[in-house]
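Undergrad: sequence isn't available, so here's the structure alone:
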């Protein structure tokens, strides 16, 4: 059929109809293959194809591609369509290129040239098509090719408004893939002044662009604040008839208002100028006043637009947190929404009130809505709203209403959705501990938690109640009595058995005077639960029984019989067999005095932040208000740990409690370091790295110590803790960097950048994965790096870390622990082999030597430990002088292996060292010598 102009490409319509009428997949494929063959023949054989026919066939190819078939031809014809002056043909050409042309295609230069031609066109439609294509592709090549043209289009006075809109959005798309595309200097002011443009569409598009730029470089674009406040004020005070083209259901420019309010939230404080601040406060009051006015329309679109502006204004008020009057008014406005018929409005009101509850100005005002929030928790149909009500109750809780809120949450927990029970358990446990004036109440709450929702009580919760009971003598008898009564229930959760076993094993003697809780009764009660428990709980109970022998000698024979039963094949678990066997022998062999020493009561725990809060922060990053709860940590080990690995199961319990927070699996810092941490005002972050070098509130940064170890705290100050955990194998290495936010506010624009020259990259290739740009308060994120040693190198790579803290830009650089010694493989050698190799490496370029004074009194054991951690093999009984230390190792690189020998000779009288390095490569000898010369 001959093509008919203006009929909307009838051939395409027929083809689509044929595809829809296919009865099977095979029929569809057959029809498509036939069409592809026809199009291919037309493109190859018919040189007289006009623009309309090319457009039609390219459209068919697009449709076939959308059906899931590969298209490997037609690209040149699509490029040819770009040179057409007809909108429809040019549009199809750009559409095909946006969808089907790869950025590595040979045609990309032709495409870029065509786009440049259209950008210079006087036809705004053609310019817009070109801008849309650039944004759709959005590659770095596109950003580099048009980095000059698009900013000029955006700020030029000759550019039409519709083109400026597209240019702003196109620039935003390219900025996200290539942040360096935006020029600085005078361009900054010209971009900011787009907020004063007369065309609201241009302002809307420019606001989105400026918001992204501010997040990247807030100081450079701070001038936008005054203009944004001015524009927002004019919009809010305008009548809906003043902005007719941009009024949505009687609300003037709601989308622009929301964008401007979000833009202002990038600064805290928003502005230092009193006049601008007064105008902003007046604008926010106007928004709150308009929310109280009767609606101008009953349609949902009107209320949605009006409420969108209102909630964003409230977010700005909360963000500023400086105007008590506005905060109280915002709280009252949100309180009205708690009873609204719209579920979404109730949810948003609860969410915003969670933030208001953390402000000293509005906390009391939020508490006035406590009854309504409790009803929301119990009666709401939507589980997400119920969960938000729980969050708000948690946020508004203080000493005045803690008992009431905790009781209400406990009551609701029995019927709560399974999806929110674990989080509720954590919150109840935190509130009970934080606001407990009487620790008997705290014990009752935790035991009720276990009874009501035992499956959702994590180990951190029951560890914590044990730590508190051990530390507070006044509650120990009550805890023993309460847990004994709880264990008498026919159905008893295993977590209750764990708590009961632990507490009765320590303090069962405090209730043994009552015949109802006599020693034998306690033992039989616990043992009646034994067969229903997991092996881990049985092991704990066996440890409780050996404690009973010390507390209650009169029931020794009963307990010994249990040990005999479980020390043979009756117990299939090897751990239980061994534990029972060792406890049996201990009870038989040891005297009363020895038993009393070995099985003495657990000592008090040092105070430290609760790991329960850390768990909650991990589950709800950024949404958990700070609570200064201190956590007890592992006690000092008693003498039994040296003689019997099983007796003090309590030690194991506490170390396990700690392991949940020790994300890197490194050692725990000594007690004096913990005390130093507790003195910090910013102690909300757990010291997950537990660095053996200790830390304090001042910045800690000593990359040299990582010459001798792979794990620890690399850097720490009052805002940020950076830990590292690394492993190396031959010429490959892998590092995990752990960034911990120690503050109570998020760190925004968080951006670690590797500083390592292209020349150095040829020697050590380091790849670094990206991280999220926001590090929430109290949270921790991990960044993985891989390193490949291609040949030996000097120095080490640096990372430059930048972020914003409370509106202030922070930036510092840190050396990575990636020195060349990390690629050592230790090598065993005897004396003969060592000195033979030593003599072979006697050339001037194969050795490096330094004589230096000891930095501290001569410490030979300390020097040995350092050399053992350096990566080489410390060779004993090789050097004739026993004080001398010699090492051997091989540095693995991709290009070669470099053998290396080391000799460290101390002079005790002169307090001096002589360090000699010999290697098969001169650069290696120098670098190893430089690394070690100031370390002893």
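TA: Sure, I can see it. The structure presented is a predicted model; accordingly, all values stated were derived computationally and were not measured.

Undergrad: in stretch 73-85, what counts as buried?
TA: Neighbour counts using 16 or more other Cβ atoms under 10 Å place 74, 75, 77, 78, 79, 80, 81, 82, 84 of stretch 73-85 among the buried residues. (Each C-beta comes from the backbone N, C-alpha and C, glycine too.)

Undergrad: could those be laid out in TSV, adding distance to residue 705?
TA: As requested, the buried residues of stretch 73-85 are exported to TSV (distance: Cβ to Cβ, whole Å):
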residue	distance to residue 705
74	62
75	58
77	65
78	60
79	60
80	65
81	64
82	61
84	68
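
Undergrad: point to the residue nearest the middle of this protein.
TA: In the chain, the residue lying closest to the centroid (Cα atoms, centre = their mean) is residue 781, at 3.6 Å.

Undergrad: tell me where the model's unsure across the stretch 51-200 of the chain.
TA: Low-confidence segments of the stretch 51-200 of the chain (pLDDT under 70): none present.

Undergrad: show me the helices in it, by range?
TA: For the stretch 51-200 of the chain, the helices defined by DSSP state H, counting those that start in this stretch cover 51-66, 75-81, 87-100, 108-119, 124-137, 140-145, 149-155, 161-177, 186-192, 200-216.

Undergrad: as JSON lines, those helices with distance to residue 419 would be great.
TA: What follows is those, written out as JSON lines (distance: least, Cβ to Cβ, whole Å):
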{"stretch": "helix 51-66", "distance to residue 419": "38"}
{"stretch": "helix 75-81", "distance to residue 419": "50"}
{"stretch": "helix 87-100", "distance to residue 419": "40"}
{"stretch": "helix 108-119", "distance to residue 419": "49"}
{"stretch": "helix 124-137", "distance to residue 419": "39"}
{"stretch": "helix 140-145", "distance to residue 419": "42"}
{"stretch": "helix 149-155", "distance to residue 419": "47"}
{"stretch": "helix 161-177", "distance to residue 419": "34"}
{"stretch": "helix 186-192", "distance to residue 419": "46"}
{"stretch": "helix 200-216", "distance to residue 419": "33"}
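
Undergrad: I'd like to know which of the ones you listed lies nearest to residue 841.
TA: Nearest to residue 841, of all the helices of the stretch 51-200 of the chain, is helix 140-145, at 48.4 Å by Cβ to Cβ.

Undergrad: same for the closest one, what does it pack against?
TA: For helix 140-145, the contact count by 3 or more Cβ pairs under 8 Å, 6 or more residues apart in numbering; DSSP states H and E identifies helix 108-119, helix 161-177 as packing neighbours.

Undergrad: got those helices as JSON lines, with distance to residue 897 and mean neighbour count columns?
TA: Putting the helices and strands packed on helix 140-145 into JSON lines (distance: least, Cβ to Cβ, whole Å; neighbours: other Cβ atoms under 10 Å) gives the following:
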{"stretch": "helix 108-119", "distance to residue 897": "44", "mean neighbour count": "18"}
{"stretch": "helix 161-177", "distance to residue 897": "41", "mean neighbour count": "21"}
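
Undergrad: any residues touching stretch 553-565, and which ones?
TA: Applying Cβ atoms under 8 Å, 6 or more residues apart in numbering, the set of residues contacting stretch 553-565 from outside is 519-520, 523, 527, 542, 545-546, 548-549, 571, 580-581, 583-584, 587-588, 592.

Undergrad: buried residues in it?
TA: Under 16+ other Cβ under 10 Å, the buried positions of stretch 553-565 are 555, 558, 559, 560, 562, 563.

Undergrad: inside helices: which ones of these?
TA: 558, 559, 560, 562, 563 (DSSP state H).

Undergrad: from these, pick the one nearest residue 298.
TA: residue 562 (75.7 Å).

Undergrad: could you list the domains of this protein?
TA: Taking the TED database as the reference, the chain has its domains at 397-599, 700-818, 821-934.

Undergrad: show the average pLDDT along the last one.
TA: Domain 821-934 carries an average pLDDT of 87.

Undergrad: cool, and the longest one?
TA: For domain 397-599, mean pLDDT rounds to 88.

Undergrad: and that domain, how far out from the chain middle?
TA: 35 Å (Cα atoms, centre = their mean, to the nearest Å).

Undergrad: which residue packs closest to residue 824, ignoring adjacent ones?
TA: Closest residue to residue 824 in three dimensions, ignoring its sequence neighbours and counting by Cβ to Cβ, 6 or more residues apart in numbering: residue 871, at 3.2 Å.

Undergrad: the one you found touches residue 892, doesn't it?
TA: No. Using Cβ atoms under 8 Å, residue 871 is not in contact with residue 892; the gap is 10.7 Å.

Undergrad: comparing these two, which residue is more hemmed in?
TA: residue 871 (23 against 17; other Cβ atoms under 10 Å).

Undergrad: hang on, the earlier thing: could I get the helices and strands packed on helix 140-145 as JSON lines with distance to residue 17?
TA: As requested, the helices and strands packed on helix 140-145 are exported to JSON lines (distance: least, Cβ to Cβ, whole Å):
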{"stretch": "helix 108-119", "distance to residue 17": "32"}
{"stretch": "helix 161-177", "distance to residue 17": "35"}
